[in-house]
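S.K.: Quick check, what structure comes out for this input:
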Amino acid sequence: MEKKQYRLEMKNISKQFGGIRALDHVSVEVKPGEIHALIGENGAGKSTLIKILSGAYTKDEGTIQIDGERVNIASPLDAKNLGIAVIYQEFMLAPDLSVAENIFIDRLSDKGKLINWKKLNSEAKERLESLGFGNISPQKKVGNLSVAHQQIVEICKCLTHNARILILDEPTAVLTVAEIGKLFGLIRLLKQEGVSIIFVSHHMNEIFELCDSFTVMKDGCLVGCGKVDEVSQGELVQMMIGRELTQMYPQRGAKLGEVVLKVEGLNVKGRVKNVSFEVRSGEVLGFSGLVGSGRTELMRAVFGADKKDSGKVTLLGEEVDFKEPKHAVEKGLGYLSENRKSLGLLVNQSIRINTTMSSLEKVKKGCFINHKKEKEYVKGLLSQMSTKYGSMEDDVSSLSGGNQQKISFAKWMSADCKCIVFDEPTRGVDVGAKVEIYEIINSLAKQGVAVIIISSEMTEIIGMCDRALIMAQGRITGELDKDFLNEDTIIKLAMEG
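M.R.: Predicted coordinates for the structure are as follows:
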């Protein structure tokens, strides 16, 4: 029998939502045992295409073939039965159940019989060992696992259904460097076993390290496809954003003013140890370090989101001790969380509400909100940030990741903060949106705002910051001025402590 060349063929797929054409005759082809990168800016149509393949959406036009046979995917169950599995950024796991229960969640017992726990745990152990993760206990509660191990459980669960096509949506977004290395090892193992993998990532280095082929999308259209080893990073970026990316980071030209925020001897039990620093008006101060180094814990304690054990915080010359974040905001300190969906935004509320919820005084008339004034204000602010949205009454959840992040930024820009902490400001954001976010940060600094950036991307720290502090195990292990910021020095200091 003739071997089929492609495992997956999506031909001329189109999808429309109301008057918006989300996909316009997009085609994707993936071979067996191939790692295929799906690339594009936020809002390019990648998620819509994936949801059609997974059965969450139905296509308006086009055909889908698997191993040469035309198929109809009308529901997630259809996709699962065809061997299609998606690992989203938000895992579909039950945190209060064990690893084994999650892996075999839809077939815990045979034909309604009592669960054979010994057999269930044994089979889960075998599955995990076959993937090289036999160190994960099948009896451990999933909610107690690291994010990386939760991801492995999710993949293992999908593979128990004999998945032939595995889609990984930004799988490295919350992983450490070591965890990413292990994940890539697993992906390569699955490739050897003939699984076709669609890899969605905004990180160019990951695409060039891991992927065999690529498809680039922009504004719901296919703009390029081919083999990864036949293109340069610059060519891929140009396809994505429709222009050459000659300057990733804006020129700083910092004009520093007075000290806005000063922290002295701050301690948070077991997480932050005797940390002192200051940031000036117009300065962009970076905090670098490995995941778990204490950067976020430090800033949450300063902001009043977590309790500090000791230490002194001075804001605009006044000693403060914030017990709640709202008190910090009232004094001019803002904090954009690294987790925008659960801590930074009300995703099931409107774009309008999210944009003005930290600055209602600006749109009030007496005791009531002036909705006409509010809408004009939101429209102007989001226009400045090139935010793409349908109606400002749409829920934030309807937006792409990059545009959700812009709403997070808009919320703090409208609050007229004197100092803002941006925790992982470009996580899960495409290259084009990153450039726009960097311009926003630079603009805030030019206006005299003191800016703090926490980032796991060393290139971001090097490109954006006037000065950086490196943390390890809750302590500051080094301070580097812009002229001395480089990856080797940052890594060395991040490994100390």
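S.K.: Okay, buried residues for stretch 252-269 please.
M.R.: Buried residues in stretch 252-269, defined by neighbour count with 16 or more other C-beta atoms under 10 Å: 252, 254, 259, 260, 261, 262, 263, 266, 267, 268. For glycine as for every other residue, the C-beta is placed from the backbone atoms N, C-alpha and C.
S.K.: Not counting its neighbours along the chain, what's nearest the last one?
M.R.: The reference is to residue 268. Once flanking residues are discounted, residue 268 sits nearest to residue 301: 5.0 Å by C-beta to C-beta, 6 or more residues apart in numbering.
S.K.: Quick check: the one you found touching residue 308?
M.R.: Yes. Counting by C-beta atoms under 8 Å, residue 301 sits close enough to residue 308 to count as a contact (4.1 Å).
S.K.: Find the residues that touch each one of these two.
M.R.: 266, 268, 272 (C-beta atoms under 8 Å, 6 or more residues apart in numbering).
S.K.: Show me those that map onto helices.
M.R.: Among the shared contacts of residue 301 and residue 308, no residue falls in helices (DSSP state H).
S.K.: would JSON lines of those with pLDDT be doable?
M.R.: Shown next, in JSON lines, are the shared contacts of residue 301 and residue 308 (pLDDT from 0 to 100):
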{"residue": "266", "pLDDT": "96"}
{"residue": "268", "pLDDT": "94"}
{"residue": "272", "pLDDT": "94"}
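S.K.: Among those, which lie within strands?
M.R.: Mapping the shared contacts of residue 301 and residue 308 onto strands (DSSP state E) picks out 266, 268, 272.
S.K.: what about the residue nearest to residue 268, which helix or strand?
M.R.: Element membership of residue 301, judged by DSSP states H and E, is helix 295-303.
S.K.: Let me see the mean pLDDT of that helix.
M.R.: The average pLDDT within helix 295-303 is 94.
S.K.: So which other helices or strands are in contact with that helix?
M.R.: In terms of contacts (3 or more C-beta pairs under 8 Å, 6 or more residues apart in numbering; DSSP states H and E), helix 295-303 is packed against strand 259-268, strand 272-280, strand 284-289, helix 325-330, strand 333-336, strand 419-423, strand 450-454.
S.K.: Mind listing the strands the last one pairs with, and their directions?
M.R.: If I follow you right, that is strand 450-454. With DSSP bridges as the test, strand 450-454 is paired with strand 284-289 (parallel), strand 419-423 (parallel).
S.K.: Quick one: closest of the ones you listed to residue 361.
M.R.: For residue 361, the closest of the strands paired with strand 450-454 is strand 419-423, at 18.1 Å, according to C-beta to C-beta.
S.K.: Tell me the helix or strand right after that closest one.
M.R.: Following strand 419-423 in sequence order, the next helix or strand is helix 431-446 (DSSP H and E).
S.K.: Can you check what angle separates that following helix from strand 284-289?
M.R.: 130 degrees (axes from the mean of the first three to the mean of the last three C-alpha atoms, to 10 degrees).
S.K.: Beta-bridge partners for the nearest residue to residue 211 once chain neighbours are set aside, please?
M.R.: In this structure, residue 211 finds its nearest non-sequential neighbour in residue 37, 4.1 Å apart by C-beta to C-beta, 6+ apart. Here residue 37 sits in beta bridges with residue 199, residue 214, going by DSSP bridges.
S.K.: In contact with residue 37, which residues?
M.R.: 199, 200, 201, 207, 211, 213, 214, 215, 228.
S.K.: Give me the local confidence score for residue 364.
M.R.: At residue 364, pLDDT is 75.
S.K.: Could you count how many residues lie near the nearest residue to it once chain neighbours are set aside?
M.R.: Computed as C-beta to C-beta, 6+ apart, the closest residue to residue 364 that is not its neighbour in sequence is residue 370, at 6.6 Å. Taking other C-beta atoms under 10 Å as the criterion, the count of residues near residue 370 is 14.
S.K.: Quick check: residue 370 vs residue 360, distance?
M.R.: According to C-beta to C-beta, to the nearest Å, residue 370 and residue 360 sit 10 Å apart.
S.K.: Tell me which residue lies nearest the centroid of this protein.
M.R.: residue 428 (2.9 Å; C-alpha atoms, centre = their mean).
S.K.: List phi and psi for that residue.
M.R.: Phi and psi for residue 428, reported as degrees, to the nearest 10, are phi 70, psi 20.
S.K.: which non-adjacent residue is nearest it?
M.R.: Closest to residue 428 by C-beta to C-beta, 6+ apart is residue 401, at 4.7 Å.
S.K.: so what's that neighbour scoring on pLDDT?
M.R.: 73.
S.K.: What's the separation between it and residue 50?
M.R.: Relative to residue 50, residue 401 is positioned 13 Å away (C-beta to C-beta).
S.K.: Among those two, which residue is more densely surrounded?
M.R.: Neighbours per residue, other C-beta under 10 Å: of residue 401 and residue 50, the larger number sits with residue 401, 22 against 19.
S.K.: Show the contacting residues for residue 477.
M.R.: When contacts are counted by C-beta under 8 Å, 6+ apart, residue 477 touches 470, 471, 493, 494, 496, 497.
S.K.: Residue 360 too?
M.R.: Residue 360 neighbours (C-beta under 8 Å, 6+ apart): residue 369.
S.K.: Over to it: give its phi and psi.
M.R.: Dihedral angles for residue 360 - degrees, to the nearest 10 - are phi -60, psi -30.
S.K.: Also the one 4 residues further on?
M.R.: The phi and psi values for residue 364, taken as degrees, to the nearest 10, are phi -90, psi 150.
S.K.: and it, how many neighbours does it have?
M.R.: If we define neighbours as other C-beta under 10 Å, then residue 364 has 14 of them.
S.K.: quick one: low-confidence parts of this structure?
M.R.: Counting by pLDDT under 70, the chain has low-confidence residues at 1-4, 42, 111-112, 174, 242-247, 339-344, 497.
S.K.: domains for it, by residue range?
M.R.: Taking automatic domain parsing as the reference, the chain has its domains at 8-241, 259-494.
S.K.: Go through the ones you listed and name the closest to residue 248.
M.R.: Closest among these, using C-beta to C-beta: domain 259-494, at 6.3 Å.
S.K.: closest to residue 113 out of the helices and strands packed on helix 295-303?
M.R.: Using C-beta to C-beta, the nearest of the helices and strands packed on helix 295-303 to residue 113 is strand 419-423, at 49.1 Å.
S.K.: and the nearest residue to residue 16 once chain neighbours are set aside, what does it touch?
M.R.: By the measure of C-beta to C-beta, 6+ apart, the closest residue to residue 16 outside its immediate chain neighbours is residue 60, 5.7 Å from it. Each residue near residue 60 by C-beta under 8 Å, 6+ apart is listed here: 14, 15, 16.
S.K.: Go again with 10 Å.
M.R.: 13, 14, 15, 16, 17, 21, 22, 23, 52 (C-beta atoms under 10 Å, 6 or more residues apart in numbering).
S.K.: Residue 430 is in contact with the residue nearest to residue 428, correct?
M.R.: Yes. Using C-beta atoms under 10 Å, residue 401 is in contact with residue 430, at 8.0 Å.
S.K.: quick one: buried residues of stretch 53-73?
M.R.: 53, 54, 55, 57, 59, 62, 64, 65, 66, 67, 71, 73.
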